[in-house]
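S.K.: Got a predicted model here, sequence first, then my questions.
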Amino acid sequence: MQDIDEFLENLLNEKGITDVEPDIRAELKEDMKKRLMDQIDKAAIMKLSEEKATELASLVDDPNFTNEDMTKFIQDSGVDLTEVVVDTMLKFRGFYLGSGE
């Protein structure tokens with residue numbers, strides 16, 4: 001997740017949010033990270049076939065089904081997670097900086 005943390009740090013700097021208290025900046029970054037991760041998850045799930053999405057929906061009800069299990073399931077389903085993450089990060093950046101989507 002270091003890449004995501006660096007990405008968010010750079011976004012805050014590009015947005016000009018540099019002179020806030022460290023705890024406020026950390027809260028902003030944590031909120032941004034949660035939103036970005038939610039968007040990445042949603043984008044990855046949208047790439048699944050209907051059959052695989054239905055299968056995943058039944059799996060997530062299992063309390064022992066972890067985020068790592070979900071990642072592996074999505075990768076094993078043929079979704080290129082690297083592409084999904086990069087695309088989602090670019091869209092997030094454009095939205096956050098007001099230069100796109």
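M.R.: Thanks, I have it.

S.K.: can you pull the contacts of residue 32?
M.R.: 8, 11-12, 96 (CB atoms under 8 Å, 6 or more residues apart in numbering). C-beta: built from backbone N, CA, C; applies to glycine.

S.K.: ok, now residue 68?
M.R.: Shown in contact with residue 68 (CB under 8 Å, 6+ apart): no residues.

S.K.: Give me the secondary structure label for the closest residue to residue 18 other than its chain neighbours.
M.R.: Counting by CB to CB, 6 or more residues apart in numbering, the nearest residue to residue 18 once its immediate chain neighbours are dropped is residue 12, at 7.4 Å. Remark: residue 12 carries the secondary structure label helix [criterion: DSSP: H, G, I helix; E, B strand; the rest coil].

S.K.: What distance do you get for residue 57 to residue 45?
M.R.: In this view, residue 57 and residue 45 are 9 Å apart by CB to CB, to the nearest Å.

S.K.: more crowded one of those two?
M.R.: The neighbour count for residue 57 versus residue 45, taken as other CB atoms under 10 Å, is higher for residue 45 (18 against 11).

S.K.: Does the more buried one lie in a helix or a strand, and which?
M.R.: Remark: residue 45 resides in helix 22-46, with elements defined by DSSP states H and E.

S.K.: Mind checking which residue lies nearest the centre of the protein?
M.R.: By CA atoms, centre = their mean, the mean C-alpha position of the chain lies nearest to residue 37, the distance being 2.4 Å.

S.K.: Which pLDDT value goes with that one?
M.R.: On pLDDT, residue 37 comes in at 94.

S.K.: Could you pull out the buried residues of the helix or strand hosting residue 55?
M.R.: Assignment of secondary structure by DSSP H and E places residue 55 within helix 50-59. Under the neighbour-count criterion of 16 or more other CB atoms under 10 Å, helix 50-59 has 52, 56 buried.

S.K.: Understood, closing this out.
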